[in-house]
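**Student:** after the sequence you'll find the predicted model.
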There are 2 protein chains.
Amino acid sequence: MRYRFARQAETLGKSVYDHAPGAIMLSAGSAYPMSLPDVSHEAAEAARHKEETMQYGPLMGLDDLRDCIAAYVAEDGVTCSRENILATNGAKHATELALRVFTEAGDRIIVSAPTYMTTLQTFRNYGLNLLGVPQDVEGLDADLLETRLRTLRDNGEPLPKLLFDIPDFHNPTGITMSLERRKRLIELALEYEFVIVEDDPYRRLRFEGEPVPPIKSLDTEGIVIAVGTVSKILSPGLRVGWAIAAPEIVKRMALQKSDGGSSPFNQRIVASLMRSNKMGLHIAEVSQHMKAHRDAMIDALATALPGATVRKPEGGYFLWVELPEGMSGDALAARGVAHGVEVSPGRVCFPTAAAGNYLRLAYSFVGPDTIRDGIRRLGIAYKELL
Amino acid sequence: MRYRFARQAETLGKSVYDHAPGAIMLSAGSAYPMSLPDVSHEAAEAARHKEETMQYGPLMGLDDLRDCIAAYVAEDGVTCSRENILATNGAKHATELALRVFTEAGDRIIVSAPTYMTTLQTFRNYGLNLLGVPQDVEGLDADLLETRLRTLRDNGEPLPKLLFDIPDFHNPTGITMSLERRKRLIELALEYEFVIVEDDPYRRLRFEGEPVPPIKSLDTEGIVIAVGTVSKILSPGLRVGWAIAAPEIVKRMALQKSDGGSSPFNQRIVASLMRSNKMGLHIAEVSQHMKAHRDAMIDALATALPGATVRKPEGGYFLWVELPEGMSGDALAARGVAHGVEVSPGRVCFPTAAAGNYLRLAYSFVGPDTIRDGIRRLGIAYKELL
């Protein structure tokens, strides 16, 4: 059968969800299996409230969950209430809905270069024109962004509709954006009239250093859409995330949902965990694990990949490894699989012109011993390539 | 703040999810609360398998669930296996993913006129050009469709990429498409190269008469995408649905998902219910309730709305009421709310030019006594309008 596929679905390439069977997985930001929560009690309780949980849920999400989310982000200095909050099927779903509200195919959006590879796939599916802006140690290079925006405006070209970034423990670079830089982004957003999608899955997984206020907490004009999820702090399998923005934005996002409301069953489980002290304890436990994983990986890299540069993030899930100039991250990743370890070549994280000599390593999924074994295997591949 | 919304999100109108507070709801296809299943056991069991259910799930869905779905549709004569099946967040999500694989904004698709109002919202969100084709007692008018297609082709106009229909207990008309008509649709699809999205949520809720084979069961060429869901046979709150099609289609649909895999937690619950005899028993119970609801509503309408014509469906959730010529369904629905009952004006079900004198009534959500009270209230409004 010859199908007339749409442009965005013509090719059927390798997906970021394909994994090398049997290899130690240092490629995906999956949860550490040892620290997945036991929700038997909350699940059975949710099942008992079947008129709420087994029925279609409210389009915006359960009021109780939205109140819990408001209280949760208030701890970070974000002031909002129920009507600012839309429950979604995870953070990526929230980002997609924001895209649908603000962009059409061909529109320009701003992303860091590199950025989150899976969301990049969504941006491409939507036919967006990606303006990639590099980062320095303080995060997205706002001066460079301003220059680019001014040039676009001076040339009468269409200005970006939206900026997507991960200011805390950035995926893939691990960088946390400085306060100064966050303020600059808001100024630029107001001047050039784009909305900021602040994707913030890792914020609470801070191992050291002082938290920087969320961009959303600095937003007096309603220009920021804060996107959150329980995937990294509780469970990715529940698929519960959210967007926080002006009511006229979140209501529009809700109307772009194809599934009516997201599952009230899963929302009830998450609300129960948020209302109890279970979530707080769980976040502390996961952070402790992730710190140990990070340290094990950084130590192992020093021995296994001499000549590579690693930035040490203060939290989150990822290490961004700069390989010696001229070494191909793709070649190293391919050779790694042959030695039984899977890592992501940095190239897949770049919106346009890719730097070839990077790797993204995730230390979330396997424990310290397996991390050490994986990095040792990567080291063999590395030495073969040197 | 002045936002630069995308075209598809400019207006913020009344949503099909908004309901009149306090009114008897005969407007939405929600589940009957008395027959929502108790999944306490399955939910607690799912929680215990946390390495599967709390982690990111496989992009295509749990293998076990996909095998259960294959076995389920085999009872209807659909032959398929795991690799033909994608798990989704309900049927509407599956339809959306099919749209993303086959259509771009401005493309033409074929829908019945009237059709499912909520999906119509999705079609509009995607900027599709809707070719509405009326039905007769046998379903979508294939002769008229053929004439339209031939005219488009003769005029060198772009041909539709996709046809969406609900052949069993159609929403809103309740019509079940004849076998002959199903075969004709496949012939037309092959000749004019469009795919058929067969949305089939109600098939197992048959109260009488003989089932007609699904269009998918007649599809030897891979031109049909069968869309299913547990929303009407188990629970809408779990948000578990599926698409069945050629592997090259379902794989592409998976890559258009923004949330990676759908919740493996909910998929596990559904697989458990499908593997036990609980689902079969539940379907029998729901069918029995729905038959009683339908009969109560049809009886009550005969008294309350003299001069209106009602088609008696052999199953499903809905009645399609033709009002006396000149009476406005919108006016009657508005007046109904004033008398404490909410129904859907038929106009919202039409893709383009709407017939004004129809109502869609859902008998699923409230029991026979409340249905009688609701129709009595609607009768008062009706008499005021006559």
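**Tutor:** Arrived safely, thanks for sending. Residues are numbered from 1 along each chain as shown, chains lettered A, B, ... in the order given.
**Student:** looking at chain A, which helix or strand is least sure?
**Tutor:** None of the helices or strands of chain A scores lower by mean pLDDT, DSSP states H and E than helix A:117-125, at a mean of 93.
**Student:** just the C-alpha atoms of it, please, in CSV.
**Tutor:** The C-alpha trace of helix A:117-125 is given here as CSV (Å, rounded to 0.1, in the frame of the first residue of the first chain):
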residue,chain,number,x,y,z
MET,A,117,16.1,16.1,22.3
THR,A,118,12.6,14.7,22.8
THR,A,119,10.9,18.1,22.7
LEU,A,120,13.0,18.9,19.6
GLN,A,121,11.2,16.0,17.9
THR,A,122,7.9,17.6,18.8
PHE,A,123,9.1,21.0,17.5
ARG,A,124,10.0,19.3,14.2
ASN,A,125,6.7,17.4,14.0
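**Student:** buried stuff in that helix?
**Tutor:** Buried residues in helix A:117-125, counted by 16 or more other C-beta atoms under 10 Å in any protein chain shown: A:117-123, A:125. Where C-beta positions appear, they are placed from N, C-alpha and C, glycine not excepted.
**Student:** keep these, but drop any that are not near chain B.
**Tutor:** Restricting these to those touching chain B (C-beta under 8 Å from any C-beta of the partner chain) yields A:118, A:121-122, A:125.
**Student:** in these, find the pair that's most separated.
**Tutor:** A:118 and A:125 (11.0 Å; C-beta to C-beta).
**Student:** SS state for the residue in the stretch 251-386 of chain A that chain B sits nearest to?
**Tutor:** Here the residue of the stretch 251-386 of chain A nearest chain B is residue A:258; by C-beta to the nearest C-beta that distance is 3.8 Å. Here residue A:258 is coil, with the state taken from DSSP: H, G, I helix; E, B strand; the rest coil.
**Student:** residues in contact with it?
**Tutor:** B:89, B:92-93, B:95-96, B:122 (C-beta atoms under 8 Å, 6 or more residues apart in numbering or on different chains).
**Student:** change it to 7 Å
**Tutor:** Counting by C-beta atoms under 7 Å, 6 or more residues apart in numbering or on different chains, residue A:258 touches B:92-93, B:96, B:122.
**Student:** for chain A, state which of the residues you listed is nearest.
**Tutor:** Of all these, the one sitting nearest chain A is residue B:96; the distance, using C-beta to the nearest C-beta, is 3.8 Å.
**Student:** mind checking the SS state of that closest one?
**Tutor:** Reduced to three states by three-state DSSP, residue B:96 is helix.
**Student:** enumerate the residues of the stretch 251-386 of chain A near chain B.
**Tutor:** Residues of the stretch 251-386 of chain A lying near chain B by C-beta under 7 Å from any C-beta of the partner chain: A:251-252, A:255-256, A:258-260, A:262-266.
**Student:** let's see that with 8 Å instead.
**Tutor:** A:251-252, A:254-256, A:258-266.
**Student:** next SSE downstream of the lengthiest helix in chain A?
**Tutor:** If each helix of chain A is counted by residues according to DSSP state H, the longest one is helix A:278-304. Counting by DSSP states H and E, the element after helix A:278-304 in chain order, helix or strand, is strand A:309-310.
**Student:** and the average pLDDT for that following strand is what?
**Tutor:** What strand A:309-310 shows for mean pLDDT is 97.
**Student:** mind checking how far stretch A:224-235 is from the chain centre?
**Tutor:** 8 Å (C-alpha atoms, centre = their mean, to the nearest Å).
**Student:** also stretch A:229-246?
**Tutor:** For stretch A:229-246, the distance to the chain centre is 11 Å (C-alpha atoms, centre = their mean).
**Student:** is any residue of that stretch near chain B?
**Tutor:** Yes - Stretch A:229-246 lies within reach of chain B by C-beta under 8 Å from any C-beta, at A:231, A:235-239, A:246.
**Student:** which of the residues of the stretch 251-386 of chain A next to chain B tops the neighbour count?
**Tutor:** Using other C-beta atoms under 10 Å in any protein chain shown as the neighbour test, these are led by residue A:262, with 33 neighbours.
**Student:** quick one: it and residue A:242 touch, right?
**Tutor:** No - using C-beta atoms under 8 Å, residue A:262 is not in contact with residue A:242; the gap is 9.5 Å.
**Student:** what sits in contact with each of the two?
**Tutor:** A:61, A:87-88.
**Student:** for the longest helix of chain A, which helices and strands make contact with it?
**Tutor:** The contact analysis (3 or more C-beta pairs under 8 Å, 6 or more residues apart in numbering or on different chains; DSSP states H and E) places helix A:278-304 against strand A:318-322, helix A:368-385.
**Student:** of these, which is nearest residue B:193?
**Tutor:** Proximity to residue B:193 (C-beta to C-beta) singles out strand A:318-322 among these, at 44.6 Å.
**Student:** need the residues of the stretch 101-250 of chain A near chain B, please.
**Tutor:** Residues of the stretch 101-250 of chain A lying close to chain B (C-beta under 8 Å from any C-beta) are A:101-105, A:107, A:118, A:121-122, A:125, A:161, A:193, A:195, A:221-223, A:231, A:235-239, A:246, A:248-249.
**Student:** for the one helix or strand residue A:252 maps to, the distance to its chain's centre please.
**Tutor:** Secondary structure assigned from DSSP H and E places residue A:252 in helix A:247-255. With C-alpha atoms, centre = their mean as the basis, helix A:247-255 stands 21 Å off its chain's centre.
**Student:** and the next element down the chain from it?
**Tutor:** Next along from helix A:247-255, by DSSP H and E: helix A:264-275.
**Student:** for that next one, packing partners?
**Tutor:** Applying 3+ C-beta pairs under 8 Å, 6+ apart, one finds that helix A:264-275 makes contact with helix A:40-48, helix A:50-53, helix A:63-74, helix B:264-275.
**Student:** give me the mean pLDDT for it.
**Tutor:** For helix A:264-275, mean pLDDT rounds to 97.
**Student:** list the buried residues in that helix.
**Tutor:** For helix A:264-275, by 16+ other C-beta under 10 Å, it's A:264-274.
**Student:** over to stretch A:32-52?
**Tutor:** Under the neighbour-count rule (16+ other C-beta under 10 Å), stretch A:32-52 has A:32, A:35-37, A:39, A:42-47, A:50, A:52 buried.
**Student:** also stretch A:355-372?
**Tutor:** Across stretch A:355-372, burial judged by 16+ other C-beta under 10 Å covers A:355-368, A:370-372.
**Student:** roughly how far out does that stretch sit from the chain middle?
**Tutor:** 16 Å.
**Student:** how long is that stretch end to end?
**Tutor:** In stretch A:355-372, first residue to last residue: 26 Å (C-alpha to C-alpha, to the nearest Å).
**Student:** using PDB, write out the CA atom coordinates for stretch A:193-207.
**Tutor:** This file holds the C-alpha atoms of stretch A:193-207, laid out as PDB (Å, rounded to 0.1, in the frame of the first residue of the first chain):
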ATOM      1  CA  GLU A 193       6.400  39.800  22.300                       C
ATOM      2  CA  PHE A 194       7.100  36.100  22.700                       C
ATOM      3  CA  VAL A 195       6.000  33.800  25.500                       C
ATOM      4  CA  ILE A 196       8.500  31.900  27.600                       C
ATOM      5  CA  VAL A 197       7.900  28.200  28.200                       C
ATOM      6  CA  GLU A 198       9.800  27.400  31.300                       C
ATOM      7  CA  ASP A 199      10.200  23.600  31.500                       C
ATOM      8  CA  ASP A 200      11.200  22.700  35.000                       C
ATOM      9  CA  PRO A 201      11.200  19.000  35.700                       C
ATOM     10  CA  TYR A 202      14.400  18.900  37.800                       C
ATOM     11  CA  ARG A 203      14.300  21.900  40.000                       C
ATOM     12  CA  ARG A 204      13.700  20.000  43.300                       C
ATOM     13  CA  LEU A 205      16.500  17.600  42.600                       C
ATOM     14  CA  ARG A 206      19.200  20.000  43.800                       C
ATOM     15  CA  PHE A 207      22.200  18.300  45.500                       C
END
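**Student:** that older thread, and the angle for the longest helix of chain A with helix A:40-48?
**Tutor:** 130 degrees (axes from the mean of the first three to the mean of the last three C-alpha atoms, to 10 degrees).
**Student:** what comes up buried for helix A:278-304?
**Tutor:** Buried, per 16+ other C-beta under 10 Å, within helix A:278-304: A:278-279, A:282-283, A:286-287, A:289-294, A:296-298, A:300-301, A:304.
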